[in-house]
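# got a structure for you, letters missing:
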Ligand SMILES: Nc1ncnc2c1ncn2[C@@H]1O[C@H](COP(=O)(O)OP(=O)(O)OP(=O)(O)O)[C@@H](O)[C@H]1O
Ligand SMILES: [Zn+2]
């Protein structure tokens, strides 16, 4: 870099790469800087190649006249290039590519007398000083100081404001002035030597054009150049970066390393190439970095926008923080009381809650108060959740679901905060239903336990929230529990969960309804009688019945059937009751025969005993822990059982062992009757100790038989033994009487494995079974 003085700060602004580019493609140079292409073709201040200018002369002329140079408001001093008069006359095209070269012979520098150094920022310099400085820095440059009479004055402002302001952008004019185009053979060596005398790089700053931008853009050429030079500030920064040191260090390097003349060319070319490559690489890296940053920035903006605008995202965000989880209601329009079967009483009780939610005024006008909380009590899977959903669905209000275990947190305050959130949301959306499943896990008795250190806090919060709103505010809390006795007393006192609705296991009618409901959702044989399945599924909950139908549908699909038949329903019922079939188990014929006679023994007793339950099915297919079984179906759910019915049950149980004994002899009886004896003994014991059905022990209950006197204990045992023995004898009598039927049934079982009620009847009536 050249430096004239402290007051005049020259700038070297052209990177070496531009220079090399210019050299390698002198006729059509295009320099690309961050996407802005500056083509030399556009420049007009050019010289015909055959008239090589002498930069030394031009510069010395210029400097010699600095003191008188006048710069008008639009006139810019930019080395000799800027001062052009009569361009049309003195310029000619060097070739068809419109590379215009300056002919110094025909150009003149215009030195208007009114110009002063202040405008150029050189006010503190005197002419002598400038001469001295130039002579020192550029020895020989000003040797022909006398101005050629052939030079005239010209004024041309730069092509753009940017150039006007910063100057030195047009490297090409410099290159052209250096006779590069005419002397390709001098190549890099000449460029490098010219570098030392690169006057165009020396620029004094200190004035600004006051011309308005619009006026400056009047001429088409100016506008064109403007568009070229309108570059983002980083481009300007890039252009203005100091590259002079490259040149300087190259010269210094050559001097210090004493590189011989002959090798200087190669050295410089290598230097230039390396420089170019490095610059291209840097440029590339910068570009990709800039692009990546831009993409990241856009993504960040989009993300922030999404989080702010999209409630779903924000809810998710809040939820994932864990401590302040938000609660979303569910509209339960699709669930109504129609969907809940077999719990008519519970539905009736809840109907008034639906009315209240639909029309709260109706209740408040009369001054009535509805309970704030309703407690649904019942075994698992009986439809408590379904009922609560149906209440919300019937009333068409939001339904907030929460499971008690969600509030059971190890961290202090989290459970309480969740309860607060739940109630706040619900109150804001009243009328609505809050359903808290497994209420016992949040509202259990407030015991200090290391497992639930903050449960007390959570219950207190729940109590506070329940007290915190008025009965007719429109928020109904429905809690569900399998263990009402485990609930904290404070929770079930009036004013909180003061209405209790029992949701029991469905009776045979309820089970039939539930089975029909779920059968209607699948393809099923119309001959199916759901009542038969309902009768055989005593104690099944709604959820279990739904599962039964589903399993039957799966079985039908596996077997390639088009629809579900009774067989699949029976199959899935047995599977649920007794475990899956064990078809793979290899049972020898002897054991199969014993099992067939044993099961037939049960069936014969059941069939020929008046008070026994009707037979539903007999099978010798191993299932779960059993090798076979006979199932009996009560016609209805039995609320009470008579003495005769209990004795009949005992007789049926005895039928298996009696059959073994009669058919195979006392020595061949098996262990297979143990569960039958268990069953019979339980019935006999209850008859004696609970039901007052023993004449000897009277109408008295004996709960803890271990604490009874030895006499009483032996009397009880005696009575039980008599009952069992009598039962055994009755069974023996029946089987002896119906030995033929017994044999037929056993053989039919050995043939068909499973027989249903109708088939059993056919066999026992001595008819032939249809071949299956
Ligand atoms: N009475 C019923 N009518 C129709 N479907 C029922 C009935 N009871 C249960 N179900 C079916 O069983 C599923 C489970 O029932 P639900 O969750 O309501 O039982 P729950 O009593 O709340 O059980 P838990 O006490 O285990 O929470 C229901 O989604 C429904 O499909
Ligand atoms: Zn048995």
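Thanks, I have it. These numbers were taken from a predicted model, which means no experiment stands behind them. Numbers count the residues shown, from 1 in each chain. Ligands and ions are numbered 1, 2, ... in the order given.
# only C-alpha atoms for contact and neighbour calcs from this point on.
Noted.
# and residue 521, what helix or strand is that in?
Following DSSP states H and E, there is no helix or strand that holds residue 521.
# so what's residue 378 scoring on pLDDT?
The model reports residue 378 with a pLDDT of 90.
# Check whether residue 685 sits in a helix, strand or coil.
With DSSP: H, G, I helix; E, B strand; the rest coil as the basis, residue 685 sits in helix.
# Same check on residue 476?
Relying on three-state DSSP, one would call residue 476 strand.
# wait, it sits on residue 427?
No - using CA atoms under 8 Å, residue 476 is not in contact with residue 427, being 10.1 Å away.
# Who has more neighbours out of those two?
Taking other CA atoms under 10 Å, residue 476 and residue 427 do not tie; residue 476 has more neighbours (28 against 17).
# Give me the below-cutoff pLDDT ranges for the stretch 401-550 of the chain.
For the stretch 401-550 of the chain, the stretches with pLDDT under 70 are 408-414, 443-456, 469-472.
# Can you get me a residue count around residue 503?
24.
# how much space between the closest residue to it other than its chain neighbours and residue 339?
Among residues not flanking residue 503 along the chain, residue 378 sits closest, at 4.8 Å (CA to CA, 6 or more residues apart in numbering). Counting by CA to CA, to the nearest Å, the gap from residue 378 to residue 339 is 18 Å.
# Compare those two and say which is more crowded by neighbours.
For the pair residue 378 and residue 339, the greater number of neighbours falls to residue 378 (19 against 15), based on other CA under 10 Å.
# Would you agree that one is in contact with residue 482?
Yes - the pair residue 378 and residue 482 qualifies as a contact (CA under 8 Å) at a distance of 5.3 Å.
# At the contact with ligand 1, which residues of the chain appear?
339-343, 380-386, 482, 514, 542-543 (CA under 6 Å from any ligand atom).
# among the residues you listed, which ones are buried?
Those of the residues of the chain next to ligand 1 that meet the buried threshold are 340-343, 380-385, 482, 514, 542, by 16 or more other CA atoms under 10 Å.
# Buried residues, stretch 264-282. List them.
Neighbour-count burial for stretch 264-282 [16+ other CA under 10 Å]: 265, 267-268, 272, 275-276.
# Those into JSON lines, with extra columns for pLDDT and distance to residue 688?
Output for these, formatted as JSON lines (pLDDT from 0 to 100; distance: CA to CA, whole Å):
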{"residue": "265", "pLDDT": "78", "distance to residue 688": "125"}
{"residue": "267", "pLDDT": "76", "distance to residue 688": "120"}
{"residue": "268", "pLDDT": "78", "distance to residue 688": "120"}
{"residue": "272", "pLDDT": "78", "distance to residue 688": "116"}
{"residue": "275", "pLDDT": "77", "distance to residue 688": "111"}
{"residue": "276", "pLDDT": "83", "distance to residue 688": "110"}
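# Now for those: which two are most distant?
For the buried residues of stretch 264-282, the maximum inter-member distance is 16.2 Å, found between 265 and 276 (CA to CA).
# Going by residue numbers, what spans are helices in the stretch 401-550 of the chain?
For the stretch 401-550 of the chain, the helices defined by DSSP state H, counting those that start in this stretch occupy 414-428, 439-443, 455-467, 508-519, 530-535, 542-558.
# and among those, the most buried is which?
Most buried of these by mean neighbour count (mean count of other CA atoms under 10 Å) is helix 439-443; its value is a mean of 25.
# list the helices and strands that helix packs on?
helix 455-467, strand 475-481 (3 or more CA pairs under 8 Å, 6 or more residues apart in numbering; DSSP states H and E).
# Try it again at 6 Å.
Applying 3 or more CA pairs under 6 Å, 6 or more residues apart in numbering; DSSP states H and E, one finds that helix 439-443 contacts strand 475-481.
# partner strands of the strand it packs on, parallel or antiparallel?
strand 373-377 (parallel), strand 432-437 (parallel) (DSSP bridges).
# Adding distance to residue 493 as columns, could you present the ones you listed in TSV?
Shown next, in TSV, are the strands paired with strand 475-481 (distance: least, CA to CA, whole Å):
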stretch	distance to residue 493
strand 373-377	10
strand 432-437	17
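# And those strands: which comes nearest residue 569?
Short answer: strand 373-377, nearest of the strands paired with strand 475-481 by CA to CA, at 29.5 Å.
# Excluding its own residues, what touches the closest one? List them.
Contact with strand 373-377 is made by 477-482, 496-497, 499-503, as judged by CA atoms under 6 Å, 6 or more residues apart in numbering.
# Name the residues of that strand that are buried.
Quick answer for strand 373-377 (16+ other CA under 10 Å): 373-377.
# got it, and stretch 360-377?
For stretch 360-377, by 16+ other CA under 10 Å, it's 360, 370-377.
# do the same with stretch 664-674
In stretch 664-674, counting by 16+ other CA under 10 Å, buried: 669-670, 672-673.
# Give me the distance between residue 545 and residue 551.
Residue 545 is 10 Å from residue 551, by CA to CA.
# can you give me the helices for the stretch 251-400 of the chain?
261-309, 311-320, 344-358, 360-365, 384-395.
# Could you save these as CSV and add columns showing distance to residue 693?
Output for the helices of the stretch 251-400 of the chain, formatted as CSV (distance: least, CA to CA, whole Å):
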stretch, distance to residue 693
helix 261-309, 75
helix 311-320, 63
helix 344-358, 35
helix 360-365, 54
helix 384-395, 39
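# Domain ranges for this structure, per the record?
Domain segmentation of the chain under the TED database yields 337-504, 510-578, 589-765.
# which intervals of the stretch 251-400 of the chain have sub-threshold pLDDT?
306-333, 368, 370.
# do that again at 80, thanks
251-268, 271-272, 275, 303-334, 360-372 (pLDDT under 80).
# can you pull the contacts of residue 520?
Going by CA under 6 Å, 6+ apart, the list of residues near residue 520 is empty.
# Let me see the contact set for residue 523.
So residue 523 contacts residue 563 (CA under 6 Å, 6+ apart).
# Tell me the spacing between it and residue 552.
Residue 523 is 11 Å from residue 552, by CA to CA.
# Do you know the pLDDT at residue 202?
Per the predicted model, pLDDT is 34 at residue 202.
# With adjacent residues omitted, what lies nearest to residue 362?
residue 356 (7.5 Å).
# how many other residues sit next to that neighbour?
By other CA under 10 Å, the residues close to residue 356 number 20.
# just residue 651 next, same as before
Counted with other CA under 10 Å, residue 651 comes out at 29.
# quick one, phi/psi of it?
Torsion angles at residue 651 (phi, psi; degrees, to the nearest 10) stand at phi -60, psi -40.
# residue ranges for the helices of the stretch 601-750 of the chain, please.
According to DSSP H, counting those that start in this stretch, the helices that the stretch 601-750 of the chain contains are 643-664, 674-689, 710-737, 739-752.
# The last one vs helix 643-664, what angle?
Helix 739-752 and helix 643-664 meet at an angle of 80 degrees, taking axes from the mean of the first three to the mean of the last three CA atoms, to 10 degrees as the criterion.
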